[in-house]
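J.: Give the three-dimensional model of this entry:
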Amino acid sequence: MGPRRPRSPHHSELTLPVSTRPWPWIAALVAIVAATAAVLLAMGRVPICTCGTVKLWHGVVVSSENSQHITDWYTPSHVVHGILFYAATHWLMRRAGLLPRLLVATIIEAAWEIAENTETVIQRYREATIALDYFGDSVINSVSDIGAMMLGFALASRLPVPATIALVLVFEIGVGLVIRDNLTLNVLMLIWPLESVKAWQAGG
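T.: Down below sits the predicted model:
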């Protein structure tokens, strides 16, 4: 047996091909979130609640401060977004890595946060749902919503399928019982508003 050749640095774990390194993907994720915040600011969205404070949690739905702080009763719906995006990308992008799929999910979520804060969608919320005091999200709330989606995506990548389904049901049923709204009802009322559902949500 001849002398052992020194290991080429190209085979070292420290010099993996760019496609397998996490940092470019993480940098892209940060850039998307930052760009979303910049677009929202350019659209006239306020950075934080006009009340002048930043709360970790705001639990009053029928309030001008709803969707203005870091988390609220709609945060679980964004976690569910992440779970659904994980399932969709697992099916459509099975050969892609986890971070590329998360990047796609983040682009979709960021696009929704921008669309959700256009005057057209804000007015639609006010007309078709119980969000009579809704005037759009603060930037910090939108960024937090994207973070909640990422959390849901990460949970779905780690939890067994039955546990993930159970988590979605707990969020949807639990939040629905507490505030008479959730992701399912939100989508329903935006696409096909029903007066009976609106009356129930209003407590009638």
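
J.: On the C-terminal side of the helix or strand containing L155, identify the next helix or strand.
T.: Taking DSSP states H and E as the criterion, the element that holds L155 is helix 139-158. The first helix or strand that comes after helix 139-158 along the chain, using DSSP H and E, is helix 161-179.

J.: okay, the angle between that following helix and helix 139-158?
T.: Here helix 161-179 points in a direction 150 degrees away from that of helix 139-158 (axes from the mean of the first three to the mean of the last three Cα atoms, to 10 degrees).

J.: So for helix 161-179, what gets flagged as buried?
T.: Burial within helix 161-179, assessed by neighbour count using 16 or more other Cβ atoms under 10 Å, is assigned to 164, 167-168, 171-172, 175, 179. Any C-beta I mention is one placed from the backbone N, CA and C, and that applies to glycine too.

J.: Quick one: distance of that helix to the chain centre.
T.: Relative to the mean C-alpha coordinate of its chain, helix 161-179 is positioned 16 Å out (Cα atoms, centre = their mean, to the nearest Å).

J.: can you pull the alpha-carbon coordinates of it into PDB?
T.: Taking only C-alpha atoms (Å, rounded to 0.1, in the frame of the first residue of the first chain), the coordinates of helix 161-179 have been written out as PDB:
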ATOM      1  CA  VAL A 161     -48.100  13.300  10.200                       C
ATOM      2  CA  PRO A 162     -50.800  12.400  12.800                       C
ATOM      3  CA  ALA A 163     -49.400  15.000  15.300                       C
ATOM      4  CA  THR A 164     -49.300  17.600  12.500                       C
ATOM      5  CA  ILE A 165     -52.900  17.000  11.600                       C
ATOM      6  CA  ALA A 166     -53.900  17.100  15.300                       C
ATOM      7  CA  LEU A 167     -52.100  20.500  15.600                       C
ATOM      8  CA  VAL A 168     -54.000  21.900  12.700                       C
ATOM      9  CA  LEU A 169     -57.300  20.700  14.200                       C
ATOM     10  CA  VAL A 170     -56.500  22.100  17.600                       C
ATOM     11  CA  PHE A 171     -55.600  25.500  16.100                       C
ATOM     12  CA  GLU A 172     -58.600  25.700  13.800                       C
ATOM     13  CA  ILE A 173     -61.200  24.400  16.200                       C
ATOM     14  CA  GLY A 174     -59.800  26.000  19.300                       C
ATOM     15  CA  VAL A 175     -59.400  29.500  17.700                       C
ATOM     16  CA  GLY A 176     -62.800  29.100  16.000                       C
ATOM     17  CA  LEU A 177     -64.500  28.400  19.400                       C
ATOM     18  CA  VAL A 178     -62.700  31.300  21.100                       C
ATOM     19  CA  ILE A 179     -63.100  34.100  18.500                       C
END
